[in-house]
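[1] sequence first, then the predicted structure:
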Amino acid sequence: MKDILKPIIVLASICLIVTALLAYVNTITAPIIQAAEEQTAAQARAEVLKEADDFELLKIKKLPEGVTEAYKGSGDSGYVFMMTQKGYGGDIKLICGVRPDGSIESIKTLSHSETGGIGSRVVDNDSGYREKFEGKTVNNYQDVDAVSGATISSTAYKKAIASAFEAFKAVKEAKL
């Protein structure tokens, strides 16, 4: 019996110590990670809506599906929408800047897990696909062709943009 209990107690002790150390490291690193994420998001907002100096988080009760946050740029610079859409490989997180006239200023991919070389041609920020949407409005964004071989990713990208236009309409109706 002693031969069986000793290894169990040793393994349980090691597990408890490792768990305690991981929890301690998490309490130290969590605020640092959160601050880095907030800084990255702030930089992305400034990148997709260049005229804005500051952004105000809008509290809208019913954002369209896929839109996680909405921001109003300072002055009359426009709005920024954070979006998440299900792609082929998982969630695609985008940020979209919309001018006051309802046209897209810029879009940026924050994260994705699309297939490298195929779906990534849609969501990679240096692929050129996002630039095709700049200046587009709710009336003509569908004119942008899907990337060949990446139909699911292209469709998800366009769905996210449609959500941004719905959020823009909701913000305008709320007069925020």
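    Thanks, I have the structure now. Numbers count the residues shown, from 1 in each chain.

[2] identify the bridge partners of the residue positioned nearest the centre of the chain.
    By CA atoms, centre = their mean, the chain has its centre lying nearest to residue 93, at 2.9 Å. Note on residue 93: beta-bridge partners by DSSP bridges are residue 84, residue 111.

[3] pretty sure it sits against residue 82.
    Yes: the criterion here is CB atoms under 8 Å, and residue 93 meets it with residue 82 at 7.4 Å. Backbone N, C-alpha and C define where each C-beta goes, glycine included.

[4] still on that earlier bit, check the residue nearest to the centre of the chain and give its pLDDT.
    For residue 93, the pLDDT comes out at 90.

[5] any idea how far it is from residue 16?
    Distance, residue 93 to residue 16, by CB to CB, to the nearest Å: 36 Å.

[6] again with residue 43
    41 Å.

[7] can you tell me the distance between the two ends of stretch 44-55?
    Using CA to CA, to the nearest Å, the end-to-end distance of stretch 44-55 comes to 11 Å.

[8] same check on stretch 113-130?
    Start and end residues of stretch 113-130 are separated by 17 Å (CA to CA).

[9] then stretch 128-135?
    Rule used - CA to CA; the end-to-end distance of stretch 128-135 is 14 Å.

[10] quick check: buried residues in it?
    129-130, 133 (16 or more other CB atoms under 10 Å).

[11] secondary structure, pLDDT and distance to residue 109 for these - can I get that in a markdown table?
    Below are the buried residues of stretch 128-135 laid out as a markdown table (DSSP: H, G, I helix; E, B strand; the rest coil; pLDDT from 0 to 100; distance: CB to CB, whole Å):
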| residue | secondary structure | pLDDT | distance to residue 109 |
| --- | --- | --- | --- |
| 129 | coil | 79 | 10 |
| 130 | helix | 80 | 7 |
| 133 | helix | 86 | 12 |
